[in-house]
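Visitor: Model the following, please.
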Amino acid sequence: MNCRVCGAELSEGTLFCGRCGSSVTAARVREPEVADPRPSDTTIVERLPKPAVAGPFVDEDGLPPTEAVAVLPLEAASRIPSAAHAYTLSFSTGESVVVTGSGLIGRRPITQPGEEVDQLVVVSDPARSVSKTHLEFGLEGDDLWICDRYSGNGTVARPLGSDARQCEAGRRYRVTRGTRVEIGDQWFDVS
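Guide: Below is the predicted model of the structure:
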């Protein structure tokens with residue numbers, strides 16, 4: 001048996017790939033286009049590359065066309081959105097979080113060495129379907145984006161009135177109000 005992400009040979013009964021860390025048993029909605037070349041453990045000491053920028057849910061499958069998100073230097077980006085445009089993340093656990101900048105979501109989210117975020121959002125998940133640091137989010141102008149942080153169970157975005165989209169790890173996706181984002185067995189709505 002081989003890992004479907006990196007192709008490494010796996011012994012029978014293995015749950016996770018020892019080379020890339022991907023789940024052997026988790027089903028994917030869509031295969032990733034590029035395997036993650038980084039090590040699978042959480043002792044990465046080099047700075048993570050900035051995630052790729054993506055438009056709103058694009059592909060040849062009839063979804064809306066790509067609109068690239070402009071990448072600005074941190075100093076040029078607005079830090080706190082106006083009250084009229086603030087995004088709220090309403091979690092399946094009952095908590096709500098107002099987005100004030102960049103952040104991480106997970107069971108016990110932690111930053112990588114040298115990484116800085118404005119918010120750490122802890123999701124209660126006794127079943128441990130949500131990774132420790134599952135998802136990254138942030139604001140780019142008035143737009144909210146999400147990025148799967150190479151989680152074990154992946155991230156699925158379900159925009160209102162559109163098809164579900166498996167988020168490729170390390171790639172930013174713009175999300176609109178009304179989108180439901182599934183992280184493991186938990187989820188949150190964007191409003």
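Visitor: would you list every one of the strands in this structure?
Guide: For the chain, the strands defined by DSSP state E occupy 88-91, 96-98, 103-106, 119-122, 135-140, 143-148, 155-158, 165-167, 172-175, 180-183, 186-190.
Visitor: Any stretches of this protein with poor pLDDT?
Guide: Counting by pLDDT under 70, the chain shows low-confidence ranges at 26-72, 74-84.
Visitor: Tell me the spacing between residue 121 and residue 19.
Guide: Taken as CB to CB, to the nearest Å, the spacing of residue 121 relative to residue 19 amounts to 30 Å. (C-beta placed from N, C-alpha, C; glycine too.)
Visitor: for residue 109, same thing?
Guide: As for residue 109, its distance to residue 19 is 24 Å (criterion: CB to CB).
Visitor: Residue 182 pairs with what?
Guide: residue 156, residue 187 (DSSP bridges).
Visitor: That one: how many residues sit nearby?
Guide: By the measure other CB atoms under 10 Å, the count of residues near residue 182 is 19.
Visitor: Ok, residue 73 next?
Guide: There are 6 residues near residue 73, going by other CB under 10 Å.
Visitor: Repeat that for residue 101.
Guide: As a burial measure, residue 101 scores 17 neighbours (other CB under 10 Å).
Visitor: so what's the nearest residue to it once chain neighbours are set aside up against?
Guide: Take residue 101 and drop its neighbours on the chain: the residue closest to it by CB to CB, 6 or more residues apart in numbering is residue 118, 3.3 Å away. Listed by CB atoms under 8 Å, 6 or more residues apart in numbering, the contact set of residue 118 reads 79, 100, 101, 102, 103.
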